[in-house]
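In: pasting the structure only:
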């Protein structure tokens, strides 16, 4: 879905000030509340806006260790392993991938020993052939969407 300049301004404001009311967003943008709500509804229907909940910190929840675990899966068992991964609370994301492995998971843990326990649990899942783990040392670019939103908005304005 293409976003126009107003959509870009709305999304930027929602990212920068997530706890602000729709009425205040409309005031800040200089548009009618109904116009704003219609735009937000359209962005939600199109899947551009996928949630409004808080962003949580695993570290603040006592899980400061972050690792990326590549999982190689027996052919034909990808869905089964994917379903089993959803039952492991320390896995905060999992993706099917190309390249070295079949799945890439983002795993959080209390400490290195806990991470080893999680990896051992993964290795024991039916259909898992092997794992490869990479530890994150420091976050260099936090999860963000605003630069992408602004880039899409610029492209729309330029007619690309």
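Out: Yep, that arrived. Everything numeric here is computed off the predicted structure, so don't read it as measured data. Numbers count the residues shown, from 1 in each chain.
In: switch to C-alpha atoms for all contacts and neighbour counts from now on
Out: Will do.
In: low-confidence bits of the chain, can you list those?
Out: With pLDDT under 70 as the threshold, the chain has low-confidence stretches at 160.
In: can you map out the strands along the protein?
Out: For the chain, the strands identified by DSSP state E occupy 65-73, 91-96, 103-109, 128-135, in order along the chain.
In: kindly reformat those strands as TSV containing mean neighbour count and distance to residue 146.
Out: Formatted as TSV, the entries for the strands of the chain read as follows, by neighbours: other Cα atoms under 10 Å; distance: least, Cα to Cα, whole Å:
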stretch	mean neighbour count	distance to residue 146
strand 65-73	21	24
strand 91-96	15	21
strand 103-109	21	22
strand 128-135	15	27
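In: closest to residue 12 out of the ones you listed?
Out: strand 91-96 (24.9 Å; Cα to Cα).
In: got the domain boundaries for this structure?
Out: Structural domains annotated on the chain: 5-54, 65-135, as defined by automatic domain parsing.
In: between the strands of the chain, which one is nearest to residue 33?
Out: With distances scored as Cα to Cα, the stretch of the strands of the chain nearest to residue 33 is strand 91-96 (35.5 Å).
In: hang on, the earlier thing: to residue 159, which of the domains of the chain lies closest?
Out: Ranking these by distance to residue 159, with Cα to Cα as the measure, places domain 5-54 first at 11.8 Å.
In: quick one on the thing from earlier: distance to residue 35 added to the strands of the chain, as TSV?
Out: Formatted as TSV, the entries for the strands of the chain read as follows, by distance: least, Cα to Cα, whole Å:
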stretch	distance to residue 35
strand 65-73	42
strand 91-96	35
strand 103-109	39
strand 128-135	46
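In: so which of those gets nearest residue 14?
Out: strand 91-96 (23.7 Å).
In: report the strands that pair with that closest one, each with its relative direction.
Out: Partner strands and pairing direction for strand 91-96 (DSSP bridges) are strand 103-109 (antiparallel).
In: okay, angle between the partner strand and strand 65-73 too, please.
Out: In this structure, strand 103-109 runs at an angle of 150 degrees to strand 65-73, with axes from the mean of the first three to the mean of the last three Cα atoms, to 10 degrees as the basis.
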